[in-house]
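> what follows is a protein structure lacking sequence information:
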């Protein structure tokens, strides 16, 4: 566990913040490149990325505030504490939900091709999840339940897993659910790219699949994450996060069914091979253009 990677005077480089920034930059650059290869101006992606960044931070903080209000209220100034985001306290669900809504609103206002762009951006979400959860692991947060399994991991005695709040004694193995989620994020990233290349039949398919599988995964992994008392729902049958996960799964399935029916009704079903061939053609053309510019610059230099 290395929550602080570097400290120089008042400046501190935190592991979680670094991985969060890396996930945002990687997702933005990936999405911009994918947009360019599909004939869409990447500047739209840069503008959208700013919307996603702001919406995700606001949503992640607000969700944490709502679901853990008692912890904020103890200070006597809960709403002032809400603004102290540097003290920590973010929820992935809040960031995901607000980023999703912000994306849809932005694309509608700008009158951009909604479902084409959401498909372009969709793989960046699990990629970011894979990177960010590594930051969670280094930070020691988002840990799992105590276990006797060989998968268990013992964190340093000062780790968040071992505190009065959790009641878990130092030296007790806990499930490193951060690493499980990171591995799933990278796996889902690869799955979405494969499905897009081999089986995409309509715009919105990759986005809907990402939403569905993300929600299903969170529904599953929540059974193994440490659950705080204020996160129980339905008399302890599920956690609040699992209830949200169910809503997300249903939303993803609704998108898939709706977009499929719409594509069939409007004769808009895609040919995956033709779609990918067009992408490869744009990539090849861009490569040739870069080569020409490079040769032209070398010629001028002589």
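On my side now, so go ahead. Small disclaimer: the values here were computed from a predicted structure and weren't measured.

> which stretches of the stretch 151-300 of the chain form helices?
With helices called from DSSP state H, counting those that start in this stretch, the stretch 151-300 of the chain shows them at 177-198, 205-221, 240-265, 272-301.

> just checking, what packs against the shortest one?
Put plainly, it is helix 205-221. Where contact means 3 or more Cβ pairs under 8 Å, 6 or more residues apart in numbering; DSSP states H and E, helix 205-221 is packed against helix 92-109, helix 114-121, helix 124-139, helix 177-198, helix 240-265. In short, each C-beta sits where N, CA and C put it, glycine included.

> quick one, the longest one and helix 114-121 angle?
Between the direction of helix 240-265 and that of helix 114-121, the angle (axes from the mean of the first three to the mean of the last three Cα atoms, to 10 degrees) works out to 130 degrees.

> other SSEs contacting helix 240-265?
Under the contact definition 3+ Cβ pairs under 8 Å, 6+ apart, helix 240-265 sits against helix 92-109, helix 205-221, strand 232-233.

> on that earlier part again, can you redo the helices and strands packed on helix 205-221 as a markdown table with mean pLDDT and mean neighbour count?
Written out in a markdown table, the entries for these read as follows (pLDDT from 0 to 100; neighbours: other Cβ atoms under 10 Å):
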| stretch | mean pLDDT | mean neighbour count |
| --- | --- | --- |
| helix 92-109 | 88 | 19 |
| helix 114-121 | 96 | 22 |
| helix 124-139 | 94 | 23 |
| helix 177-198 | 97 | 18 |
| helix 240-265 | 94 | 16 |
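
> now the ones you listed in CSV, with distance to residue 297?
Compiled in CSV, the helices and strands packed on helix 205-221 are given as follows (distance: least, Cβ to Cβ, whole Å):
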stretch, distance to residue 297
helix 92-109, 37
helix 114-121, 30
helix 124-139, 32
helix 177-198, 33
helix 240-265, 45
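
> so which of those helices is nearest residue 24?
Set against residue 24 and scored by Cβ to Cβ, the helices and strands packed on helix 205-221 come closest in helix 124-139, at 6.8 Å.

> who's in contact with the nearest residue in space to residue 6 that is not next to it in sequence?
In this structure, residue 6 finds its nearest non-sequential neighbour in residue 13, 4.0 Å apart by Cβ to Cβ, 6 or more residues apart in numbering. With contact set as Cβ atoms under 8 Å, 6 or more residues apart in numbering, residue 13 has these partners: 4-7.

> and for residue 232?
Contact criterion Cβ under 8 Å, 6+ apart gives 239-240 as the residues in contact with residue 232.

> same check, this time on residue 210
Residues touching residue 210, when contacts are defined by Cβ under 8 Å, 6+ apart, comprise 122-123, 125-126, 188, 192, 252.

> cutoff 7 Å now
Taking Cβ atoms under 7 Å, 6 or more residues apart in numbering as the definition of contact, the neighbours of residue 210 are 122, 125-126, 192.

> circling back: so which of the helices of the stretch 151-300 of the chain comes closest to residue 40?
Once the helices of the stretch 151-300 of the chain are compared by Cβ to Cβ, helix 272-301 is nearest, at 10.4 Å.

> picking up where we left off before, and the contacts of residue 13, which two are furthest apart?
Using Cβ to Cβ, the contacts of residue 13 span at most 8.4 Å, a distance reached by 5 and 7.

> which of those two has more neighbours?
Relative neighbour count places residue 5 above the other of residue 5 and residue 7, with 14 against 10, counting by other Cβ atoms under 10 Å.
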